[in-house]
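Build me a structure from this.
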Amino acid sequence: MGKKPSVAIVGAGLAGLTCGTALKGLIEDIKIFEKNVIPGGRVGTFRAGDYEFNNGAQFFTVNNPLFWNIVSAWQTEGIVRPWDGWIVELQKGQVINSDMSTQRFVGVPRMQVIAEKLALNCDLVTSSNISELERQAGGGWRLFNERGDYQGAHDIVIIATAAHQVADLCRAISTISKPAENVDMTVCWTGMFAFEKTLNIPFDAAFVLDSPLSWISRYRFNGNDNEADCWVIQASPEWSQQYAASFRGRVMHALLDAFWEATDLGASQPVSASVHCWKHALPINPISEDSLFDEPEAIGACGDWCTAPRIEGAVLSGFSMADRVMKYVNKNYD
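Take a look at the predicted model:
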């Protein structure tokens with residue numbers, strides 16, 4: 001075989017983008033399909049009128065030496081920086097612990113910029129929800145979107161989405177679908193609120209205890225109105241599951257009520273209010289394998305559900321997937 005294979009990656013979150021970037025230059029024909037209009041997944045940015053919010057991951061930490069090298073490069077490029085915000089534990093309005101020891105990082109000027117930077121290296125097709133894979137008799141896969149439109153044929157397919165979507169797309173490939181379908185994912189309701197005047201809250205963010213909320217964070221971005229005080233509020237997995245099917249208006253009011261109770265502040269009316277439900281927010285029981293790849297079928301899967309429910313986990317899984325693809329290519333395409 002003289003030519004290198006073509007590769008399709010389904011999902012333009014950090015795992016898929018990392019995999020595509022790592023393969024670029026080694027394999028010429030790589031295409032990434034993303035169902036949303038922008039890449040990033042849980043490092044996306046939510047915009048509401050004049051305001052914007054990091055409505056998914058608020059920060060990330062570094063544990064792995066390889067990931068540290070990547071983050072160092074991101075810092076040099078100016079797309080991430082250490083976050084020196086004052087983070088506390090909050091219980092019924094009382095600060096019970098100040099968490100200043102853990103080094104955290106954020107994207108600059110927003111978390112989504114990390115995905116945007118990676119996407120510049122990739123042939124990205126947005127608004128394309130791949131919902132069916134068809135194995136070709138001579139090898140390779142045909143891809144179809146949710147409307148049944150043909151999206152091309154590729155020799156190798158990588159699914160870099162949430163575990164349940166991997167299981168659905170790979171249902172005929174038990175080596176991929178069975179581990180993926182056993183992964184449980186949390187639900188997370190996120191509220192995004194802007195207040196006309198700065199709230200009397202001295203800290204920047206808090207892990208909230210004994211509350212429907214798990215996390216609150218003040219969001220600062222130069223594009224937001226300078227006078228507005230913007231907050232991201234994330235509900236606990238238990239509360240989010242309970243309210244998973246509730247109306248958005250009901251959730252919005254419930255999150256605000258819990259916010260006032262957690263901060264022990266009198267209620268005030270926000271000038272902007274939005275909510276978003278992450279139906280597959282974080283993996284509860286990752287499979288503890290960096291990625292999955294079925295060589296006879298030339299199909300693989302990666303994501304933070306393989307390793308750890310963190311940005312680091314998604315990136316490392318994407319690198320692992322790229323490594324397995326290259327070993328397969330070197331063995332089968334001379």
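
residue ranges with poor pLDDT in this protein?
Filtered on pLDDT under 70, the chain yields the residue ranges 1-2, 99, 221-226, 334.

any idea how far residue 329 is from the residue nearest to the spatial centre of it?
Centroid-nearest residue in the chain: residue 42, 2.5 Å away (criterion: CA atoms, centre = their mean). Distance of residue 42 to residue 329, given as CB to CB, to the nearest Å: 29 Å. The C-beta positions use only the backbone N, C-alpha and C, and glycine is treated the same way.

And residue 277, by the same measure?
39 Å.

Check residue 214 too.
Per CB to CB, residue 214 is found 42 Å from residue 329.

what does residue 157 give?
In this view, residue 157 and residue 329 are 14 Å apart by CB to CB.

before we move on, what about residue 311?
27 Å.

Out of the two, name the residue with the larger neighbour count.
Ranked by neighbour count (other CB atoms under 10 Å), residue 311 and residue 329 place residue 311 first, with 26 against 20.

show me what contacts the more buried one?
Contact analysis of residue 311 by CB atoms under 8 Å, 6 or more residues apart in numbering lists 14, 43, 57, 60, 304.

which residues touch the second one?
The neighbours of residue 43, taking CB under 8 Å, 6+ apart as the test, are 13, 14, 54, 56, 57, 107, 111, 112, 114, 115, 311.

Let me know the closest of those to residue 162.
Using CB to CB, residue 13 comes nearest to residue 162 of these, at 8.8 Å.

can I assume the closest one is in contact with residue 161?
Yes - taking CB atoms under 8 Å as the definition, residue 13 is a contact partner of residue 161 at 7.5 Å.

Name the residues contacting each of the two.
In contact with both residue 13 and residue 161: residue 303, using CB under 8 Å, 6+ apart.

Strands along the stretch 201-334 of the chain, start to end?
205-209, 213-219, 229-235, 272-278, 292-294, 299-301 (DSSP state E, counting those that start in this stretch).

Pick the most deeply packed of those strands.
strand 299-301 (a mean of 28; mean count of other CB atoms under 10 Å).

partners of that one in the sheet?
Sheet partners assigned to strand 299-301 using DSSP bridges are listed as strand 156-159 (parallel), strand 292-294 (antiparallel).

For residue 255, which of those is the nearest?
Per CB to CB, nearest to residue 255 of the strands paired with strand 299-301: strand 156-159, 32.7 Å.

Convert the closest one to CSV, retaining C-alpha atoms only.
What follows is strand 156-159, C-alpha atoms only, in CSV (Å, rounded to 0.1, in the frame of the first residue of the first chain):
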residue,chain,number,x,y,z
ILE,A,156,-10.1,5.0,9.8
VAL,A,157,-12.8,6.5,12.1
ILE,A,158,-12.2,7.9,15.6
ILE,A,159,-15.2,8.7,17.8
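
Run through who's touching it.
If you take CB under 8 Å, 6+ apart as the criterion, strand 156-159 is touched by 5-11, 16, 19, 133, 140-141, 143, 165-166, 169-170, 176, 298-302, 321, 325, 328-329.

Identify, by residue count, the longest helix of this protein.
The longest helix of the chain (DSSP state H) is helix 311-332.

Just the buried residues of that helix, please?
Judged by neighbour count (16 or more other CB atoms under 10 Å), helix 311-332 contains these buried residues: 311-325, 328-329.

Next: stretch 45-56.
Quick answer for stretch 45-56 (16+ other CB under 10 Å): 45, 46, 51, 52, 53, 54, 55, 56.

what's the answer for stretch 148-157, then?
151, 154, 155, 156, 157.

surely the third one meets residue 6?
Yes - using CB under 8 Å, residue 155 and residue 6 qualify as a contacting pair, with a distance of 5.2 Å.

Find the residues that touch each one of these two.
Here residue 155 and residue 6 have residue 140 as joint contacts, going by CB under 8 Å, 6+ apart.

quick one, domains of the protein?
7-45+114-182+287-332, 59-110+186-278 (automatic domain parsing).

Where helices are concerned, which of the contacts of residue 311 count?
Applying DSSP H to the contacts of residue 311, the entries found in helices are residue 14.

between the contacts of residue 311, which has the most around it?
The residue in the contacts of residue 311 with the most neighbours, by other CB under 10 Å, is residue 14 (29 neighbours).

ok, now which ones touch that one?
Residue 14 sits next to 40, 41, 43, 114, 115, 118, 311, 314, 315, 318 when contact means CB under 8 Å, 6+ apart.
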